[in-house]
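Asks: Just need the structure, nothing else, for what follows:
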Amino acid sequence: MIDSDLDNHAQPTLDIIIPCFNPSLEWEKQLTHYIQELSNHLQEISIQFILVNDGSNNNRFTEIETNYLKTEFPPIKIVANPVNLGKGAALRLGVSHAKSEFQIFTDIDFPYTIPSIIAVYKELILGTDVALGYRKRDYYEKVPFARKVISKLLRWLLKSILRLPITDTQCGLKGFNNKGKAIFLETTINRFLFDLEFVKTATLKRQQLKVIPVSVTLRSDVVFSIMNYKVLLVESINFVRLLFSK
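Replies: Sure thing, here's the model as predicted:
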């Protein structure tokens, strides 16, 4: 349940956008569990869950799984890219279908705790335009070595070269209102650096937007995916482009 200090607001509406590509076995049951858990904590809020299939091709995103979701949680909305385009493209598709007052996106395995999602929501309901999940130092105690090195290097580059006030751009939990939504839909990068593109644009407009970092926590049982180094190579080109873009 949300805190009483938010009860005086008119009932808000919230979209939760969840991208998906080649999910694991029984993902639909796990997702249903997380959806129900979050819904139980936010009973006073009208929530629309938007699931985006980003061209999954491992035969685990079929009518069997989607019918299960629709039976267990009828309000869920499912949209799809015909082929895999990347997380950025998937989220833009999902956000373009969002109609609520606020939007939050997270990953299909809900890697961040339910209180973390609620913390992002609270920041939005209090007037923030863009609420950015921010992982503290203890995050690095849980991640594989290669991911730790790349993440720390990226943070250093963002602070030293781009001089962004917020350096944890790649946290997969972010929220925004309709002003922030408009900025998000302006992003063009299809894969992982869409986050950086969004944060850079939003912070450059901070005289017009209220952009706030929100401390979030990973679930203790999170399993990290294997990094695709071919994707990293392509994203390095996008990073150079972002360095020199205005």
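Asks: Let's see the distance spanning stretch 17-32 from one end to the other.
Replies: This stretch, stretch 17-32, spans 14 Å end to end (Cα to Cα, to the nearest Å).
Asks: what's it in contact with?
Replies: By Cβ atoms under 8 Å, 6 or more residues apart in numbering, the residues outside stretch 17-32 that reach it are 49-58, 60-61, 65-66, 68-69, 72-73, 84, 87, 90-91, 94-95, 98, 103-110. C-beta here means a position set from N, CA and C on the backbone, and glycine is covered the same way.
Asks: Which ones among the residues you listed map onto strands?
Replies: Mapping the contacts of stretch 17-32 onto strands (DSSP state E) picks out F49, I50, L51, V52, N53, D54, Q103, I104, F105.
Asks: Mind checking which of the residues you listed are buried?
Replies: Buried members of the ones in strands among the contacts of stretch 17-32, scored by 16 or more other Cβ atoms under 10 Å, are F49, I50, L51, V52, N53, D54, Q103, I104, F105.
Asks: Pipe those into JSON lines and attach distance to S215 and pLDDT per row.
Replies: Shown next, in JSON lines, are those (distance: Cβ to Cβ, whole Å; pLDDT from 0 to 100):
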{"residue": "F49", "distance to S215": "24", "pLDDT": "98"}
{"residue": "I50", "distance to S215": "25", "pLDDT": "98"}
{"residue": "L51", "distance to S215": "27", "pLDDT": "98"}
{"residue": "V52", "distance to S215": "27", "pLDDT": "98"}
{"residue": "N53", "distance to S215": "31", "pLDDT": "98"}
{"residue": "D54", "distance to S215": "29", "pLDDT": "98"}
{"residue": "Q103", "distance to S215": "20", "pLDDT": "98"}
{"residue": "I104", "distance to S215": "15", "pLDDT": "98"}
{"residue": "F105", "distance to S215": "18", "pLDDT": "98"}
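Asks: N177: which of those is nearest?
Replies: Ranked by distance to N177 (Cβ to Cβ), those are led by Q103 at 7.8 Å.
Asks: thinking again about what came up before, which one of the buried ones among the ones in strands among the contacts of stretch 17-32 is nearest to I237?
Replies: Distance to I237, by Cβ to Cβ, is smallest for D54 among these, at 20.7 Å.
Asks: Pretty sure the closest one sits against V79.
Replies: No: contact status for D54 versus V79: not in contact, 10.0 Å apart, counting by Cβ atoms under 8 Å.
Asks: Name the helix or strand of the protein that has the lowest mean pLDDT.
Replies: Every helix and strand of the chain was ranked by mean pLDDT, DSSP states H and E. The lowest is helix 229-244, at a mean of 71.
Asks: Can you list the low-confidence ranges for the protein?
Replies: Applying pLDDT under 70 to the chain flags the ranges 1-10, 138-141, 143-144, 147, 224-229, 231-234, 243-244, 246.
Asks: Would you map the helices across it?
Replies: Applying DSSP state H to the chain gives helices spanning 27-41, 63-72, 87-96, 114-125, 145-157, 178-184, 194-204, 229-244.
Asks: Please identify which of those is closest to P165.
Replies: Across the helices of the chain, closest to P165 is helix 194-204 (Cβ to Cβ), at 6.0 Å.
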